[in-house]
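Student: sharing a model that was predicted from the sequence below.
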Amino acid sequence: MDEFAISIDIDWAPDFAIEEAAKILTDHQVKCTWFITHNSPAVKKLSQNSLFELGIHPNFFLFSSQGNNEDEIIKFCFDIVPGAKCVRTHALFQSSRLLKKLREDYGLLTDSSVYLPYASNIQPHIVNYSHNSKPLTRIPYFWEDDLECYTAGKTWEFDNKKFFAEGLKIFNFHPTYIYLNIDEMHGYEKLKVEKCSKKPLYQVEKEEMAEYKNTGKGAGTLFQKVVEYIHNYQNGSQTLSEIREKYISSLEK
Ligand SMILES: [Zn+2]
């Protein structure tokens, strides 16, 4: 399982940013697991694209726009993605009790709320949270766009050695950061202050966001490179549920 894969947390991104990321993936026929926070026409389109798996991205923090308690929040997400099998919690909020609920009460099979930056030999693993024989497969991810901004020795050059560790390497992006092509978080923070005081991020217009774009190398140029690499050099691509299925069947051999 020495492969690259892509996931995207949509994190209330505007539709034009979701569509831009989806187009790059579709143009290169590269699969992706999208973790969904809210509904929109672009999210509906993602659900109709056979390259894409949709998982849920619940926000369990206080004042969540998705609901007032764990069950309301999870049900809100399932209303948008009925039959979701995969979850990553917003900001990696988690506890064993919550993971047990997600698996046993809501049937989610895969969780990807573990970030192991640049770690070698990442592979899925299985956790049982009770005697109910409903194991949760957990698949840690290897890299994330906003967290790269804070990393000492950050780089947007995909040929860098640190990106080629042994094992599974899930690269996690956000459509807004791809669109802004961030190389540090100040532009995004400024955008939030200047444009999101009266409306949510997903209502920001394309023209309003344009002035915050980084024109050098950043998350957007790296996204393009990772997608091209998977398309050109890897034998196919996989969603997180497909990675889980492959792992489960390898255990049965
Ligand atoms: Zn998030």
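Tutor: Structure's in. What do you need?
Student: and A5, that one's in a strand?
Tutor: Yes. Per DSSP: H, G, I helix; E, B strand; the rest coil, A5 lies within a strand segment.
Student: nearest residue to the residue in the stretch 51-200 of the chain that the ion sits nearest to in space, please, no chain neighbours.
Tutor: Of all residues in the stretch 51-200 of the chain, H90 sits closest to the ion, at 3.8 Å by C-beta to the ion. Where C-beta positions appear, they are placed from N, C-alpha and C, glycine not excepted. Nearest non-adjacent residue to H90, counting by C-beta to C-beta, 6 or more residues apart in numbering: N59, 4.0 Å away.
Student: share the number of residues neighbouring the one you found, please.
Tutor: For N59, the count of nearby residues is 21 (other C-beta atoms under 10 Å).
Student: got phi/psi on it?
Tutor: Backbone dihedrals for N59, given as degrees, to the nearest 10, come out at phi -110, psi 100.
Student: I figured it hits F35, correct?
Tutor: No. If you go by C-beta atoms under 8 Å, N59 and F35 don't touch, sitting 10.8 Å apart.
Student: coming back round to it: now do the same contact list for the residue nearest to H90.
Tutor: T37, S65, Q66, I73, T89, H90, A91, F93 (C-beta atoms under 8 Å, 6 or more residues apart in numbering).
Student: reformat the residues you listed into TSV and put neighbour count next to each item.
Tutor: Shown next, in TSV, are the contacts of N59 (neighbours: other C-beta atoms under 10 Å):
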residue	neighbour count
T37	25
S65	11
Q66	21
I73	21
T89	23
H90	20
A91	13
F93	13
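Student: what lies in contact with stretch 210-230?
Tutor: 4-6, 21, 24-25, 28, 30, 145-146, 148, 156-158, 171, 173-174, 177-183, 187-188, 190-191, 237.
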